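# Below are the sequence and a predicted model; questions follow.
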Amino acid sequence: MQGIDQKTYLDVFREKLCSLQKLVQDLERGLAPPKPDEFIKGLRLIIKAVETFLSRRMDNLQTALEKNPDALAAQITFHAKVALQILGSLHEQYLPLLHAESQHNEYLFKPSIDRAVGLFTKSGFELTLIPDFQYNYAFEGKENFATREVELLERHSDPDTKAALVKLRKEAALKQWIVFLHFPVAERDSALKLCILAHELGHFVDETNKIYRDLLPIELDKDSFEQLVDAKGKTPAYGGVTPKSAQQLTFDTIFTRAGVEALCYRSCNEMLERWIREIIADILAAHAIGPASYFAFNDFLACMGAENATSNSHPAPAFRLQLILKELKDTMGYMNSASAIDSVLSEAIPRVAAGAVDAKYRDEAKVVHKTIDSNLASLLAKIRPVVSEYSFGASNYRSTVPKILERLRRGIAPIEVLDEVQGEMSAASVVGILNAGWELYKTDTAGFYGEFKDTVPELERLGNLNHLLFKAVEASDVKRRWK
Amino acid sequence: MEGGLQFLKSVLEGGRLVAARSVSADSYKAALAYGESVKAFELVEQPGHSENPTVYLQALVNYASALREQTGDERAVQKLTGFFETIRDLALEATERPIETVSW
């Protein structure tokens, strides 16, 4: 108790509820269509459920504890605090997403992304692109986000309140997935750089197809795990200055061996899951958009100024680049000709391999790296079937990209290309358009830039390439839809 | 009691997974429950006793099963109360919500 009376709690609850309702309404007004209707519906469901929960609990408590005012006050305070904390989380976690959406420009990619995701998932979803001031790409998938919050309240409700909450939840009938893809706002005008979104979509495909779960169980590498437990046990447990006469406290002296093992296992488990999920998304993206995934990732890492180091969430960059290149070469048939694209990719192999060898693995990262290394072939064999039907292999590349590239080189948005079998113009493949863009950018910028007047700055010429790509992606999808 | 027993069984499963170094779909949650239970063991039982928490954790499962079957005694209630109160305190300590953040 902080010495705050129950009336204050109830007053601030009503005020907070009202201000959040108004905020959702104002933010919704500021959104351009298509609006994230499902997300907004979910937010309103949570707010309504919290209001229902508290008012019904209050009625119930007032009847049950009529003769015990102290217990009644304590219970009202407790329930109001729970309700206030849920509203606080809503404010903190969900409303920034709604606000960020109001900042977006036109998303020419969005229909293509929706179409691509629809190929891989049967679940209902609403996908939203969020420009972010964090220089990062991110996938944020919320499965049944609003109904889960309401179900939590149901578990702590009396039968009548529970029935009211169940009714609210069922009436809302929300889509299963609300997905947010975050991208750096500075890259909003670069169709080339936004190809990283294919990796983020890979995370969504992983979630909906339960790919990670299908790869389990995996046994952590024995030797490196035991080394980690030994080392962790000897780690000083007190960060301050220990008097010379005192014995240095270590994990071993404070915790049991079982406790240290549990601690190490948990951190390895978490890191293994995250790293494997990154590998899944990398492999799915490599198959889905071919060499464009490698180039986009390569340039993104450079743009980040990223070190070739592991983190709790990601394997070493060079390891991932090597994995993508190997997939393109060994499974998808790239790098077996003298074509411009194969040459650029082949040149990268020794450089990336040297980087992968150089990467340092310590502690948990060593356990996880060794575990993945010894299971990699079987992991990849289980990931590939998910995307094999839509894999953009070398033969696909050869049959689609050159025709698109030819138009792009001449400064024409490659919206449609001649379908030689049908003998008519048909919508250009979105993946083909993106790969043509990357091939032009990586192999012949001089030729493309040469089409412009000398007075046009170089980066403006690159901007034109990106505009052509955006236009082609959007218009080819329109043509595909209205054929 | 059913919820408590279920938790204790997932704790034992967590212990088995840690010993086998086996990562499965729900292993993180089970290992988290096991890790917190080992902490509770270290706080309420371990000083001066065995290093191995398995016997203690298995005994808790037996106490909980006995209480569910209405054959438990006062000792079972005390042991379970001590364990779950420690687990609750550890959880509360871990979920501090700052009322202000200050950085410079």
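Noted; the coordinates are in hand. What you are looking at is a predicted structure, and each value in this text was computed from that prediction instead of being measured.
# okay, which residue is most central for the chain?
Reading this off chain A. Nearest residue to the geometric centre of chain A (CA atoms, centre = their mean): residue A:139, 1.4 Å.
# Let me rephrase: I mean chain B.
Central residue of chain B (CA atoms, centre = their mean): residue B:37, at 2.9 Å.
# That one touches residue B:84, doesn't it?
No: using CB atoms under 8 Å, residue B:37 makes no contact with residue B:84, being 10.1 Å away. For the C-beta atoms, the positions are set from N, CA and C on the backbone; glycine is no exception.
# interface residues of chain B facing chain A?
B:14-15, B:17-25, B:27-28, B:31-32, B:34-35, B:38-39, B:41-42, B:46, B:51-54, B:97 (CB under 8 Å from any CB of the partner chain).
# In helices only, show me those.
The helices, defined by DSSP state H, take in B:14-15, B:17-20, B:27-28, B:31-32, B:34-35, B:38-39, B:41-42, B:54 from the residues of chain B next to chain A.
# Could you write me a ChimeraX select line covering just the buried ones among these?
Selecting only the buried entries of these in ChimeraX, with 16 or more other CB atoms under 10 Å in any protein chain shown as the criterion:
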select /B:14,15,17,18,27,28,31,32,34,35,38,39,41,42
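# Quick check: buried residues in stretch A:207-221?
Per 16+ other CB under 10 Å, stretch A:207-221 contains these buried residues: A:207-209, A:211-212, A:215, A:218, A:220-221.
# Output those of those residues also counted as contacts of chain B.
Answer for the buried residues of stretch A:207-221 near chain B (CB under 8 Å from any CB): A:218, A:220.
# Reformat the buried residues of stretch A:207-221 as CSV; add pLDDT.
As requested, the buried residues of stretch A:207-221 are exported to CSV (pLDDT from 0 to 100):
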residue, pLDDT
A:207, 94
A:208, 93
A:209, 93
A:211, 96
A:212, 96
A:215, 96
A:218, 97
A:220, 98
A:221, 98
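# got the residues of the stretch 101-250 of chain A near chain B?
A:213, A:216-220, A:222, A:225.
# Quick check: the two most widely separated of those?
When CB to CB is used, the two most widely separated members of those are A:213 and A:222, lying 23.5 Å apart.
# starting at the chain centroid, how far to the lowest-mean-pLDDT helix or strand in chain B?
Within chain B, no helix or strand scores below helix B:74-94, which has a mean of 88 by mean pLDDT, DSSP states H and E. Relative to its chain's centre, helix B:74-94 lies at 8 Å (CA atoms, centre = their mean, to the nearest Å).
# so who does the closest residue to residue B:20 other than its chain neighbours touch?
Distances taken as CB to CB, 6 or more residues apart in numbering or on different chains place residue A:219 nearest to residue B:20, at 7.1 Å, with adjacent residues excluded. With contact taken as CB atoms under 8 Å, 6 or more residues apart in numbering or on different chains, residue A:219 is in contact with A:371, B:20-23.
# Any stretches of the chain with poor pLDDT?
All of this refers to chain A. A:1-2, A:103-107, A:238-246, A:483 (pLDDT under 70).
# hmm, I had chain B in mind actually
Ranges of chain B meeting pLDDT under 70: B:46-49, B:95-98.
# re earlier: where strands are concerned, which of the buried residues of stretch A:207-221 count?
When the buried residues of stretch A:207-221 are checked against strands (DSSP state E), the matches are residue A:218.
# And the buried residues of stretch A:207-221, which two are furthest apart?
Taking CB to CB as the measure, those have their most distant pair in A:208 and A:221, spaced 30.1 Å apart.
# Now do residue A:464: how many residues are near it, please.
16 (other CB atoms under 10 Å in any protein chain shown).
# Give me the distance from the strand or helix carrying the residue nearest to the centre of chain A to the chain's centre.
Using DSSP states H and E, residue A:139 maps to strand A:138-143. In terms of CA atoms, centre = their mean, the centre of strand A:138-143 is set 6 Å apart from its chain centre.
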